[in-house]
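**Student:** build me a structure from this.
(chains A and B)
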Amino acid sequence: MAKALTSREENYSQWYNELVVKADLAENSAVRGSMVIKPYGYAIWEKMQAVLDKMFKDTGHSNAYFPLFIPKSFFSKEADHVDGFAKECAVVTHYRLRNKEDGKGIEVDPEAKLEEELIVRPTSETIIWNTYKNWIQSYRDLPILCNQWANVVRWEMRTRLFLRTAEFLWQEGHTAHATKEEAIEETKQMIDVYKDFAENYLAVPVVQGTKSDSERFAGALDTYTIEALMQDGKALQSGTSHFLGQNFAKAFDVKFTNKEGKQDLVWATSWGVSTRLMGALIMAHSDDNGLVLPPKLAPIQVVIVPIYKGNEQFAKVSEKANEIKKALEAKGISVKFDNRDTHKPGFKFAEWELKGVPVRLAMGMRDLDNGTIEVARRDTYEKNTLQIDGIETYVESLLNEIQENIFKKAIDFRTDMTTKVDSYDEFKKVLEDKGGFILAHWDGTPETEDKIKNDTKATIRCIPLDAPEEDGVCIISGKPSKKRVLFAKAY
RNA sequence: CGGGGUGUAGCGCAGUCCGGUAGCGUACUUGCAUGGGGUGCAAGUGGUCGCAGGUUCAAAUCCUGUCACCCCGACCA
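**Tutor:** Here you go, the predicted structure:
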């Protein structure tokens, strides 16, 4: 396992400073707990957005945008939601600044106090349902299938770069349905979309399941989740899809006339993934030399590094390199020709490895003479010298192979790090010595869950959807259980 | 909000105990050499020592206050 990922267990911030900041992904901003996403990092997010956005549209959803500021009163309408959320928020109380009397700087104008405070959205359920109320009269208006790409703010007491920043980017889907069945169907469909995205694009294997009562989203009847395992043996909740029942419809009085002409409350779902996925990407695949990006999300899939001495050689190598670049681009591959004269090849190799570029091509005079090129892959460090002729076809299939290999590696790791235990002693021992996912029987009570959490800091990540029926007894209470649930220490 | 820690050059740090010219590594600039895995040598630029008071002939260093950040908990995508 990567040293960078294991040796920092007690100091993640340093880990990020070394790996992420060096990798040009982000740096701490002056704003508490926020992050600056640098161009290279943002390019990864844009790729994620593009893929997800298409998936959402393919499943019938449309994008919309709702306000950043939410009147405080909206939050008092759904009781469970308030309990779960209302606490750590940024609140707008004033709308104007003024110059200080002594002329030294600026202060909040006490005259400019807002009648009703505005909350910077921590999530948009309240304002969206307040809006949907006006959009829905009849069953003919349903379903409403909206998604919004936005930023949200949660004034977390403790922040962690990418995993828990005060401000983060995400998408939140909010849907309204005429029937319970249809809403549940939507909830499940979207967690499937997330699994598809995580595994086939991020190359991060995930366990799908439902949350226990205590871990469920505030205001939801059921929360579906995808749980990923990071290289340090901790779990990361990577996406959630909530079946909200009629709670928000009740709170915001969203009724419709059904086919029978009777008034009915609508059924709701919400679902989201965030820039935390970038954290997942980094922590699942990176090694001591930096990022390892899956080809499908890498902003630069292939980098060409020229090796030369003097202008004359540079011109010759450049000409060939540009030819290869064109051939690759014709296949839809994104290519960077690193023609900087300010850095040596060795430096460039290290730099592009740090940035996680999946394939590197290196070419010098020796290659020109032989009609060859050096191909190096980021995931295995394997290097081969191949004929230039037909290189684009080779690289194309190599990119696919790397995508698969990264995923396979992550699956193998997860398999190794998933342990079935049948006693609490064993549970504690595995958690302590090995970490990772633990499958154990649980009696279904919050008391048991609490005890385990207090004793060990491990939580029930989910009740896996694909867990086989199996007779067993709870590791704490000894009561009968039909299914193993997934435990882990989590971020 | 509780417990611990740190603020000194863009970044990483030493110097603080025991007050006396502001240091190291790296990065940056320039020159020459070098160029198939993070180049070498030489010269150079860059710091209100977090902020505000106090003690002193003299404060990065001692005292008081204050702010910010980080780590551990409670909270969470």
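
**Student:** wait, doesn't residue A:121 sit right on residue A:69?
**Tutor:** Yes: using C-beta atoms under 8 Å, residue A:121 is in contact with residue A:69, at 7.4 Å. Backbone N, C-alpha and C define where each C-beta goes, glycine included.

**Student:** please say which of those two ends up with more neighbours.
**Tutor:** residue A:121 (25 against 14; other C-beta atoms under 10 Å).

**Student:** may I have the phi/psi pair for the more buried one?
**Tutor:** Per-residue torsions, residue A:121: phi -50, psi 130 (degrees, to the nearest 10).

**Student:** contacting residues for it?
**Tutor:** A:67-70, A:127, A:150, A:152-153 (C-beta atoms under 8 Å, 6 or more residues apart in numbering).

**Student:** so which bits of the stretch 301-450 of chain A are right by RNA strand B?
**Tutor:** Within the stretch 301-450 of chain A, the positions adjacent to RNA strand B are A:307-310, A:341, A:344-347, A:349-351, A:353-354, A:360, A:362-368, A:374, A:376, A:381, A:383, A:385 by C-beta under 7 Å from any atom of the strand.

**Student:** which stretches of chain A form helices?
**Tutor:** A:3-6, A:12-16, A:39-58, A:79-85, A:125-135, A:180-197, A:247-252, A:276-285, A:310-329, A:345-354, A:365-370, A:391-416, A:424-433, A:446-456 (DSSP state H).

**Student:** quick one: average confidence on the shortest one?
**Tutor:** Regarding helix A:3-6, the rounded mean pLDDT is 47.

**Student:** go ahead and flag the most central residue of chain A.
**Tutor:** Chain A has residue A:277 as the residue nearest its centroid, 1.7 Å off, counting by C-alpha atoms, centre = their mean.

**Student:** shouldn't that residue be in contact with residue A:49?
**Tutor:** No: look at residue A:277 against residue A:49 with C-beta under 8 Å: they stay out of range, at 10.4 Å.

**Student:** pLDDT below threshold where in the stretch 1-150 of chain A?
**Tutor:** A:1-33, A:79-87, A:102-105 (pLDDT under 70).

**Student:** repeat that for 90
**Tutor:** A:1-42, A:72-113, A:115, A:117, A:119-120, A:122, A:126 (pLDDT under 90).

**Student:** returning to that earlier point: just the pLDDT at the residue nearest to the centre of chain A, thanks.
**Tutor:** 92.

**Student:** show me what contacts it?
**Tutor:** So residue A:277 contacts A:48, A:198, A:202, A:238-239 (C-beta under 8 Å, 6+ apart).

**Student:** repeat that for 7 Å
**Tutor:** Going by C-beta atoms under 7 Å, 6 or more residues apart in numbering, residue A:277 touches A:48, A:202, A:238.

**Student:** same thing with residue A:205?
**Tutor:** Residue A:205 sits next to A:199, A:407, A:410-411, A:414 when contact means C-beta under 7 Å, 6+ apart.

**Student:** out of those, which end up buried?
**Tutor:** The neighbour count (16 or more other C-beta atoms under 10 Å) marks A:199, A:407, A:410, A:414 as buried among the contacts of residue A:205.

**Student:** and of the residues you listed, the nearest to RNA strand B?
**Tutor:** Nearest to RNA strand B out of these is residue A:199 (C-beta to the nearest atom of the strand; 16.8 Å).

**Student:** got a list of what the closest one touches?
**Tutor:** If a contact means C-beta under 7 Å, 6+ apart, then residue A:199 has A:205-206, A:407 as its contacts.

**Student:** do the same with residue A:396
**Tutor:** A:331, A:333.

**Student:** kindly recompute the last result at 10 Å.
**Tutor:** When contacts are counted by C-beta atoms under 10 Å, 6 or more residues apart in numbering, residue A:396 touches A:295, A:301-302, A:328, A:331-333, A:359.

**Student:** just residue A:132 next, same as before
**Tutor:** Residue A:132 sits in contact with A:141-142, A:144, A:146, A:174-176, A:248-249, A:252, A:254, A:266, A:268, where contact means C-beta under 10 Å, 6+ apart.

**Student:** and these, which are buried?
**Tutor:** Neighbour counting with 16+ other C-beta under 10 Å marks A:142, A:144, A:146, A:174-176, A:248-249, A:252, A:254, A:266, A:268 as buried within these.

**Student:** keep only those of the residues you listed that are in strands.
**Tutor:** Per DSSP state E, strands hold the following members of the buried ones among the contacts of residue A:132: A:144, A:146, A:174-176, A:268.

**Student:** possible to save those residues as TSV with distance to residue A:443?
**Tutor:** Below are those laid out as TSV (distance: C-beta to C-beta, whole Å):
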residue	distance to residue A:443
A:144	39
A:146	39
A:174	35
A:175	34
A:176	36
A:268	31
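
**Student:** tell me which of those is nearest to residue A:54?
**Tutor:** Proximity of those to residue A:54 (C-beta to C-beta) peaks at residue A:146, which lies at 16.2 Å.

**Student:** that closest one and residue A:64 touch, don't they?
**Tutor:** Yes: assessed by C-beta atoms under 10 Å, residue A:146 is found in contact with residue A:64 at 4.5 Å.

**Student:** before we move on, back to that, for PyMOL, write the selection for the buried entries among the contacts of residue A:121.
**Tutor:** Entered in PyMOL, the line below selects the buried ones among those, by 16+ other C-beta under 10 Å:
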select buried, chain A and resi 68+70+127+150+152+153
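
**Student:** and which of the contacts of residue A:121 is nearest to residue A:480?
**Tutor:** Nearest to residue A:480, judged by C-beta to C-beta, of those is residue A:152 at 41.9 Å.

**Student:** just give the nearest non-adjacent residue to the closest one, would you?
**Tutor:** residue A:121 (5.3 Å; C-beta to C-beta, 6 or more residues apart in numbering).

**Student:** what does residue A:321 give?
**Tutor:** residue A:304 (4.9 Å).

**Student:** residue A:386 now?
**Tutor:** residue A:375 (5.6 Å).

**Student:** ok, the one you found touching residue A:385?
**Tutor:** Yes: between residue A:375 and residue A:385 there is a contact at 7.6 Å, judged by C-beta under 10 Å.

**Student:** overlap in contacts, those two.
**Tutor:** Shared contacts of residue A:375 and residue A:385, counting by C-beta under 10 Å, 6+ apart, come down to residue A:362.

**Student:** which one's more surrounded, these two?
**Tutor:** Neighbours per residue (other C-beta under 10 Å) separate residue A:375 from residue A:385, with residue A:375 holding more: 19 against 12.

**Student:** next, residue A:470: phi, psi?
**Tutor:** phi -160, psi 130.

**Student:** how close does it sit to residue A:439?
**Tutor:** 10 Å (C-beta to C-beta, to the nearest Å).

**Student:** neighbour count: the two, which is higher?
**Tutor:** More crowded of residue A:470 and residue A:439, by other C-beta under 10 Å: residue A:439, with 18 against 12.

**Student:** I figured the more buried one hits residue A:419, correct?
**Tutor:** Yes: counting by C-beta under 10 Å, residue A:439 does reach residue A:419; the two are 7.1 Å apart.

**Student:** any shared contact partners between these two?
**Tutor:** Residues within reach of residue A:439 and of residue A:419 at once, by C-beta under 10 Å, 6+ apart, are residue A:487.

**Student:** fine by me, thanks again.
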